[in-house]
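In: Using only what follows, build the 3D model:
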Amino acid sequence: MVTAGVLLAAGAGTAAARTAGAGGPVRGVPQTVQLKLPADSVAVSPDGRTAYVSVGHRTSGARLDVVDTQSGAVTAEVVLNPGFEIAVGKVAVSPDGSRVYVLYGLGRHLQLSMLAVLDTATNTVIAKVAAPDQPRPDRTQTGRLSALAVSDDGSRVFVAQGGPVQGNRPNLEGTRILQFSPQQLAYTAAVTVPGKYSGGIAVRPGGRDAYISTDRGLTHLDTSGDTPVVRSTVARAGGEFAGLSVAPDGSRLYRVDGGGAGAVVDLATDSVASTFTVDKGRSIRSLPVSADGSRLYTLAQDTTVLSIDTSTTAVVPGEGATGIDGAMDLAVGPDGHTFYVAAGNSLRVIGF
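Out: Here you go, the predicted structure:
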């Protein structure tokens, strides 16, 4: 890896893309791609050739921008909703690259209540699905959708939802994990877990386990059946607004919250193996892990990409990148050598 100064100096590079071996995923060309609206979240296709960025503004609507990672061209601007008081959120790509899922909201009191499904062959929205209603008192709204994750076979999408919203007062109990079927284009299950607020969500390789972070802890769900079943809640491993990531071998789960508190969870025993601390940041949606499991990446102070050695849970000096104003979300390309950062009205593509 190279230092931040070198990374940023290469920001306008136009060098030809390299591949990670024959038939491997393509590296992104280091550059800054200007967008018309503020960027919120980013995900990258399995071949590394396309980035999908959720963008939006309270007076300009919600959209998903499709970016060619080699030329830096915005090849499509897919409108999710053109109205006022719109919010956009997390983006995820199916393992085969055929579908993109993005969260967005309608209206000030229904922010992040919708899931849009994009067909990547045509860059068209094939479904817009509202979160199913949840048990709640009168004069409250359905809970906010905070994150989503796709199973490794692409057959299910899991969405994290907070408890019912009651204006400016604290949320009510009723956090849920929602299960969405890409085949039916509909939610097929909604399971209540302990907590008022939801953070990140992660799926363990193999398709039998999902995890959701809430203010009450980390809840482990068995997803081997048609409907997820709660197996356990791990104390001290949750946290409001916490992001989650599972090691590629499925042995550990990493959690970092917006206050910089981190934990390593042993998934064989559902217990906290260790804790650590990093700088404050936007870890709720920005916690990718490297393909070999040796590094965990997160954002700090809205300006910095941190690289964490998973064997020591210590920040690695000289790795990552700095000086990225307004950083909101982070993805690591499938090549393992490219950061994609949603920042301000731009997508920063950084080689490392």
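
In: Show me which helix or strand of this protein is least confident by mean pLDDT.
Out: helix 4-9 (a mean of 36; mean pLDDT, DSSP states H and E).

In: got the buried residues for the helix or strand hosting V191?
Out: Using DSSP states H and E, V191 sits in strand 186-192. By 16 or more other C-beta atoms under 10 Å, the buried positions in strand 186-192 come out as Y187, A189, A190, V191, T192. Where you see a C-beta, it was placed from the backbone N, CA and C, and this is true even at glycine.

In: in its sheet, what does that strand sit against?
Out: Next to strand 186-192 in the sheet, as set by DSSP bridges, lie strand 176-181 (antiparallel).

In: any idea which helix or strand comes after the least confident helix or strand of the chain?
Out: Tracing the chain past helix 4-9, the next element assigned as helix or strand by DSSP H and E is strand 31-34.

In: Relative to that next one, what are the paired strands and their orientations?
Out: By DSSP bridges, strand 31-34 pairs with strand 346-351 (antiparallel).

In: With only the CA atoms kept, save the strand it pairs with in PDB.
Out: This file holds the C-alpha atoms of strand 346-351, laid out as PDB (Å, rounded to 0.1, in the frame of the first residue of the first chain):
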ATOM      1  CA  SER A 346     -18.200  13.200  -6.100                       C
ATOM      2  CA  LEU A 347     -17.000   9.600  -6.200                       C
ATOM      3  CA  ARG A 348     -13.300   9.400  -5.300                       C
ATOM      4  CA  VAL A 349     -11.500   6.400  -6.900                       C
ATOM      5  CA  ILE A 350      -8.200   5.800  -5.100                       C
ATOM      6  CA  GLY A 351      -5.600   3.200  -6.000                       C
END
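
In: Show me how far that strand is from its chain's centre.
Out: Put simply, strand 346-351 sits 17 Å off its chain's centre (C-alpha atoms, centre = their mean, to the nearest Å).

In: now swap in stretch 56-65 and tell me
Out: Relative to its parent chain, stretch 56-65 has a centroid offset of 18 Å by C-alpha atoms, centre = their mean.

In: end to end, how far does it reach?
Out: One end of stretch 56-65 sits 10 Å from the other (C-alpha to C-alpha, to the nearest Å).

In: what sits against the closest residue to V341 other than its chain neighbours?
Out: Leaving aside its sequence neighbours, V341 sits nearest to R348 (C-beta to C-beta, 6 or more residues apart in numbering; 4.2 Å). R348 is in contact with G11, T32, V33, I324, A327, F339, Y340, V341, counting by C-beta atoms under 8 Å, 6 or more residues apart in numbering.

In: Over to the nearest residue to G326 once chain neighbours are set aside: give its phi and psi.
Out: Of all residues not flanking G326 in the chain, G344 sits nearest, at 3.8 Å (C-beta to C-beta, 6+ apart). As for G344, its main-chain torsions (degrees, to the nearest 10) stand at phi 60, psi -140.

In: what about G344, how many neighbours?
Out: If you count neighbours by other C-beta atoms under 10 Å, G344 ends up with 18.

In: quick one: contacts for it?
Out: By C-beta under 8 Å, 6+ apart, G344 lies in contact with P38, A39, D325, G326.

In: Kindly report the same for R136.
Out: T142, P164, L172, G174.

In: Now do the contacts for the closest residue to T303 other than its chain neighbours.
Out: Counting by C-beta to C-beta, 6+ apart, T303 lies nearest to I324, which is 5.5 Å off, once chain neighbours are set aside. I324 makes contact with T303, T304, V305, V341, A343, R348 under the criterion C-beta under 8 Å, 6+ apart.

In: Next, format those residues as a markdown table and append pLDDT, secondary structure and distance to R285.
Out: A markdown table is the format used below for these (pLDDT from 0 to 100; DSSP: H, G, I helix; E, B strand; the rest coil; distance: C-beta to C-beta, whole Å):
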| residue | pLDDT | secondary structure | distance to R285 |
| --- | --- | --- | --- |
| T303 | 92 | coil | 16 |
| T304 | 93 | strand | 16 |
| V305 | 95 | strand | 14 |
| V341 | 97 | strand | 12 |
| A343 | 97 | strand | 13 |
| R348 | 98 | strand | 16 |
